[in-house]
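Visitor: Sequence first, then the predicted structure:
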Amino acid sequence: METEIDGAAGVLLARRRPRSHDETPPWMGAALLGPGAMQHDSDRARVLGRNRGLDRPQALTGSATLAGAVGSVIDPVFALRRIAVVQPGERVTVDVLLGAGRDRAAVLAAVVSASQAAALASAFDGAAKREQELAAALGLDATTAAAYQELAGAVLYRHPALRADGATVARAAHGAPAQIWQYALGGAPVVLVQASSEADLAVVSELLAARAYWASKALRIDAAVLCGDAIDPAKVAALAPGKTPVAGTLFVRRQSELPAADVDVLLASAALVAGNGRGVRQLVAALGSTSVSSPTSVPATRAAKHQDATVAAASETLRFDNGVGGFSADGSEYVMRRRQGSDVAARLGQRDRDARVRLLRQRERRHAHLEPQQPRESSHALVQRPDRATRTPEALYIRDEASGAFWSPQPGPAPAEATYEVRHGFGYSTWRHRSNGLAQEVTTFVPRQDGLRIARIRLTEREPNGATRLAVLVSPTRPRGARQ
């Protein structure tokens with residue numbers, strides 16, 4: 001990517017560098033309108049900072065001016081800043097403009113023309129008017145349109161509250177995508193309605209109206225309607241609002257005519273399952289529910305909101321404690337304790353000169369991974385890009401099969417709301433914490449003579465209630481050299 005700044009217009013521009021002489025890649029531009037001089041940067045790594053993320057970017061932790069870097073950047077970003085002094089009772093307005101076009105001149109002209117106060121007011125007024133006209137054309141009121149907007153985000157991100165129950169997903173675990181491809185589904189998110197009674201036809205009408213509303217926003221959503229024996233599939237097409245065709249697939253069939261395995265795959269693949277008395281109002285209410293029944297095959301909730309017990313800071317007195325960590329009483333371990341959201345670095349580099357592999361200690365919010373020995377390479381070098389704190393080649397997850405909740409037994413990449421204790425010893429590291437009623441311990445080490453990393457995970461039920469509990473340990477690994 002290549003970035004540049006048009007100082008006169010105050011627009012930061014970017015395009016992909018052409019790969020051939022006849023390629024004309026599109027351009028993007030951004031501007032920040034308001035009081036004070038505009039600062040800018042286009043290097044994401046510099047804006048976020050080393051081992052940081054969007055939750056705590058380097059650019060916001062100090063008063064230093066943004067670097068103003070432009071040119072060829074590997075990981076670009078539009079970072080714009082203005083500094084305003086707001087007096088008591090005073091109001092300050094800041095407008096953010098983002099545009100795209102076929103070439104530089106078109107983008108620059110569009111952003112500059114929109115920078116005028118009259119143009120901005122006209123744009124907002126025009127957007128409100130178009131929204132009102134769209135709602136009127138589809139027969140929607142403001143409340144319903146707002147509900148459709150909320151559902152759209154949940155559908156795109158496959159919110160667990162909208163999906164099929166865990167038992168259905170489990171039955172479809174051995175299915176294949178071809179089972180829905182044959183019905184022209186799978187190229188876009190799918191909303192599915194099970195219409196088993198006449199009352200469910202109202203739900204079908206709601207979801208078809210939502211689909212038309214989303215299509216007007218250039219969002220393609222496929223729909224599937226599985227009719228019960230008492231419902232005539234021919235009635236469904238007449239429920240679609242308006243006469244303008246909606247992009248995507250509308251699949252309507254009697255459920256009894258489909259193989260049971262295909263029905264399970266359809267339900268499990270759908271980003272939203274409605275019907276059987278579950279309409280738009282119930283779906284929106286489910287998004288705000290604190291208790292979600294998640295699918296068991298696709299972890300969709302982080303469990304961070306439902307932690308039951310955490311490990312309190314140990315009473316052990318650490319030697320030379322600097323607020324970040326300290327040594328155990330016998331000096332054999334370096335101990336750090338970290339609450340999720342804190343910025344305690346838990347990477348303690350250790351390297352055995354005779355070993356052919358080493359264990360890299362990343363930041364505490366990350367974990368450890370195995371890397372072959374490389375000549376002329378610092379033992380503390382990270383192979384990850386510093387701003388991609390969650391892009392690690394290995395990870396551990398624990399998932400509660402009853403609720404679908406999942407978390408990491410280590411402080412990353414999906415930490416629980418708990419206090420983690422990290423103990424770095426001679427040739428090993430141990431992570432401990434307690435959450436979701438489980439005491440969890442991960443110990444990892446490398447044998448001196450083998451190119452092998454061993455991780456031992458120990459789970460102990462601390463709140464036995466007589467019921468059987470099923471927990472699944474997931475460990476995805478990306479081979480070294482795989483593309484990011």
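Guide: Okay, I see it.
Visitor: which secondary element of this structure has the worst mean pLDDT?
Guide: Confidence across the helices and strands of the chain bottoms out at strand 357-361, with a mean of 40, counting by mean pLDDT, DSSP states H and E.
Visitor: OK, contacts around Arg220?
Guide: Contacts here follow C-beta atoms under 8 Å, 6 or more residues apart in numbering; on that basis Arg220 touches Ala188, Trp214, Ala247, Gly248. Using the backbone N, CA and C atoms, a C-beta is placed for each residue, glycine as well.
Visitor: Can you redo those residues as TSV, where the extra columns are secondary structure and neighbour count?
Guide: Shown next, in TSV, are the contacts of Arg220 (DSSP: H, G, I helix; E, B strand; the rest coil; neighbours: other C-beta atoms under 10 Å):
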residue	secondary structure	neighbour count
Ala188	coil	16
Trp214	helix	23
Ala247	coil	13
Gly248	coil	20
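Visitor: mind listing what Val225 touches?
Guide: Contact analysis of Val225 by C-beta under 8 Å, 6+ apart lists Leu192, Val193, Ala195, Val204, Pro233, Val236, Leu250, Phe251, Val252, Arg253.
Visitor: Of those, which belong to strands?
Guide: Leu192, Val193, Ala195, Leu250, Phe251, Val252, Arg253 (DSSP state E).
Visitor: so Pro189 touches Trp214, yeah?
Guide: No - look at Pro189 against Trp214 with C-beta atoms under 8 Å: they stay out of range, at 9.5 Å.
Visitor: Could I get the full set of strands for the stretch 301-450 of the chain?
Guide: Taking DSSP state E, counting those that start in this stretch, the strands of the stretch 301-450 of the chain run over residues 325-327, 334-339, 357-361, 368-372, 397-400, 406-407, 419-424, 428-435, 438-445.
Visitor: which outside residues touch the first one?
Guide: The list of residues contacting strand 325-327 from outside it, by C-beta under 8 Å, 6+ apart, reads Leu318, Arg319, Phe320, Glu333, Tyr334, Val335, Met336, Arg337, Val344, Ala346, Val422.
Visitor: before we move on, the earlier item: just the contacts of Val225 now: which is nearest Ser113?
Guide: Sorting those by how near they are to Ser113, with C-beta to C-beta, puts Leu250 at the top with 39.7 Å.
Visitor: and that closest one, what are its bridge partners?
Guide: With beta bridges defined as DSSP bridges, Leu250 has these partners: Ala223.
Visitor: check contacts around it.
Guide: Residues in contact with Leu250 (C-beta under 8 Å, 6+ apart) are Leu208, Asp222, Ala223, Ala224, Val225, Val236, Ala237, Ala240.
Visitor: What's the ChimeraX line that selects buried ones from these?
Guide: Applied in ChimeraX, the following selects the buried portion of the contacts of Leu250 according to 16 or more other C-beta atoms under 10 Å:
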select :208,222,223,224,225,236,240
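Visitor: Count the neighbours of Gly49 for me.
Guide: Gly49 is surrounded by 17 other residues when neighbours are defined as other C-beta atoms under 10 Å.
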